[in-house]
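**Q** Build me a model from this:
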Amino acid sequence: MIERQIYMQKLKDFKDMQIIKVITGIRRCGKSTFLLMFQEFLKQSGVKRKNIISINFEDLAFAHLQDYKELYQYILSKINDSERFYIFLDEIQNVENFQKAVDSLFLKTNLDIYLTGSNANMLSSEISTLLSGRYVEVQMLPLSFKEYVSSKDDPLNLNRLYSEYLQNSSFPMSLQMKTREQVDAYLQGVYNTVIMKDILSRNRISDPMMLESVIRFMFDNIGNILSTKKIADTMTSAGRKIDIRTVESYISALMNAFVVYQAKRYDIKGKQYLKTLEKYYVVDIGLRYNLLGFKNVDFGHILENVVYLELIRRGYRVYVGKIGDLEIDFVAENQQGLHYFQVSATVRDSRTLERELKPLKKLRDSYPKFVLTLDEDPERDFDGIRVMNALDFLVN
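**A** Numbers count the residues shown, from 1 in each chain. Below is the predicted model:
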């Protein structure tokens, strides 16, 4: 098993704090396995096995606990007031009104509670009402490129591994697949599960073909500035009539299921967030290849997608930057300040290099500025703007 160091450190930092730990992310990104690894860490730290209570609500053995009152009584029967217990509730959104049970358990100061879920609605409505201010969210993504490389016998051949990473997917289980056919079958299964379980049924969508048309359009336009009107107009002109509100509801459902992520635009000079024309990125490029195939691939936008997810993993809030009439691919913000990123498959052509440098040169602050590219060239510096290999950035 690959140790998910970023997420593991976050849970270690929050361990034994009187706050509920909520791990969210798309199905099959590794949440359940990660919980097992954390439980193993607890046991190695001296926690007794009987003091770890773990329930996976996708396991039929626990189907009777999908009633929140039964769940609460079951946990009460496993604990006492004189010892500390660690409670793990995996895919908790399968329990209707689960927040009522969790809220009552939270009142017991000798319990350390961990939840996982595959739908953001769990946080936006189901948890926030009762548990506001009592939980911290840890957003989990599939494997980073660095994690993928760490699983391989030849970790120095980054270009070959990057190609594999894109095609074979970043879902952890894909590492066990031996052939292209196995990978394709697995990814199709992931896609069908997410669409059927976390989007169609949960959102009561009656037209799965229209939903798939929207998904295909968004997967095909990662890194492009989009509006719901543009999506609706493009699909309608292609013979798939759809209104703006339906597009909005579909995009919301895709985001809630962690299939796509939205990057809003930020006016750097005006220091304000813009309400329209966002960009979208897919949680796994392998899913995109599985749905759309390998033709007409924009490798610059693919790399942009990978960098966006990496910045999210590293704890940044990520926006698309606007400075005058120019665009900066990513403005990444954390507690230390800002980082600016331009992403391009290659900048060996002098005009392309100048195009990528131009918006960064307009910035008047001293925050770090990067141009990330797949070119295998030595790192260069242009008045404080670092032009470097993106794969080196991803693994370091």
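
**Q** contacts, neighbours, all on C-alpha from now
**A** OK.

**Q** do you know how far residue 152 is from residue 4?
**A** 15 Å (C-alpha to C-alpha, to the nearest Å).

**Q** So for those two, which residue has more residues nearby?
**A** Neighbour totals were compared for residue 152 and residue 4, and residue 4 leads with 18 against 12 (other C-alpha atoms under 10 Å).

**Q** Cross-check the contact I'm expecting between the more buried one and residue 147.
**A** Yes - contact criterion C-alpha atoms under 8 Å: residue 4 and residue 147 qualify, at 7.5 Å.

**Q** which residues in the stretch 201-350 of the chain form strands?
**A** For the stretch 201-350 of the chain, the strands defined by DSSP state E, counting those that start in this stretch occupy 260-267, 272-282, 317-323, 326-334, 337-344.

**Q** Can you tell me what sits against the helix or strand hosting residue 182?
**A** Residue 182 is part of helix 180-193, with elements assigned from DSSP states H and E. Identification of contacts with helix 180-193 by C-alpha atoms under 8 Å, 6 or more residues apart in numbering yields 27-28, 168-169, 174, 177, 286-287, 290.

**Q** Is it possible to get TSV of those residues that adds neighbour count and pLDDT?
**A** Converted to TSV, the contacts of helix 180-193 look like this (neighbours: other C-alpha atoms under 10 Å; pLDDT from 0 to 100):
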residue	neighbour count	pLDDT
27	24	91
28	17	93
168	26	92
169	27	95
174	18	94
177	14	93
286	23	96
287	25	95
290	19	94
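
**Q** Farthest pair within those?
**A** Largest separation among those by C-alpha to C-alpha: 27 and 177, giving 17.8 Å.

**Q** And the protein, split by domain according to the record?
**A** 5-139, 145-395 (automatic domain parsing).

**Q** Downstream of the worst-scoring helix or strand of the chain on mean pLDDT, the next helix or strand is which one?
**A** Ranked by mean pLDDT, DSSP states H and E, the weakest helix or strand in the chain is helix 128-131, scoring a mean of 68. Moving toward the C-terminus from helix 128-131, the first helix or strand encountered (DSSP H and E) is strand 135-139.

**Q** So in that sheet, which strands flank that following strand, and in what orientation?
**A** According to DSSP bridges, strand 135-139 forms sheet pairs with strand 20-24 (parallel).

**Q** and the strand it pairs with, what's its mean pLDDT?
**A** For strand 20-24, mean pLDDT is 94.

**Q** and what of stretch 48-66?
**A** Averaged across stretch 48-66, pLDDT comes to 96.

**Q** Report the buried residues of it.
**A** Under the neighbour-count criterion of 16 or more other C-alpha atoms under 10 Å, stretch 48-66 has 51-57, 65-66 buried.

**Q** Go through these and say which is closest to residue 215.
**A** residue 57 (28.0 Å).

**Q** The closest one against residue 91, yeah?
**A** Yes - using C-alpha under 8 Å, residue 57 makes contact with residue 91 at a distance of 5.7 Å.

**Q** how far away is residue 322 from residue 330?
**A** Taking C-alpha to C-alpha as the measure, residue 322 and residue 330 are separated by 10 Å.

**Q** same check, this time on residue 40
**A** According to C-alpha to C-alpha, residue 40 and residue 330 sit 37 Å apart.
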